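Enquirer: Any chance you can model this:
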Amino acid sequence: MVTLNEAFPSKYLKATDLQDSPVVATIKLAELEQIKGFDGKTQAKVVIYFARGLKPLILNRTNYEAIMDICGSDDTDDFPGTKVELHTPPVTFNGKTAPAVRIRAPGVAEQKPQKKAAPPPSGDGDTDEIPFAPLDE
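Expert: This next block holds a predicted model:
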């Protein structure tokens, strides 16, 4: 049997390369490269290379900003040496949901939305009175 990745190998990192398991990696290099898009047009994109064992990753704005937050700089010259965690949450794009490569700080689990706490009771809390609303007559 041949898998999709075996039939159509990619030079760049894809979500399927991570096998649904987060990976911590150190950025070795970030370069601006000319990348051919699905439409056949060439566009300048930042590509990061890792210190060991992973394919390079073409950055989108989301991942670029994640690295900025982790390393504290928006200059790609400051990206090398930065440790990042690559993970594959489901992402909706063009009406389809599929896993995508995303970057976060190592050891930071995905944050799930928290439920809002109930509002504090009104008043000073020193009474046993039960609030009521008048009935319409």
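Enquirer: all contacts plus neighbour counts: C-alpha atoms, from now on.
Expert: Noted.
Enquirer: which residues in this protein form strands?
Expert: 23-36, 42-50, 57-58, 83-87, 90-93, 96-99, 102-104 (DSSP state E).
Enquirer: centroid residue for this protein?
Expert: In the chain, the centroid-proximal residue (CA atoms, centre = their mean) is R102; its distance is 3.2 Å.
Enquirer: Which residues are in contact with it?
Expert: Contact analysis of R102 by CA atoms under 8 Å, 6 or more residues apart in numbering lists T62, N63, L86, H87, T88, P89.
Enquirer: Now tabulate those residues in a markdown table and tack on distance to V24.
Expert: Shown next, in a markdown table, are the contacts of R102 (distance: CA to CA, whole Å):
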| residue | distance to V24 |
| --- | --- |
| T62 | 18 |
| N63 | 14 |
| L86 | 6 |
| H87 | 9 |
| T88 | 13 |
| P89 | 15 |
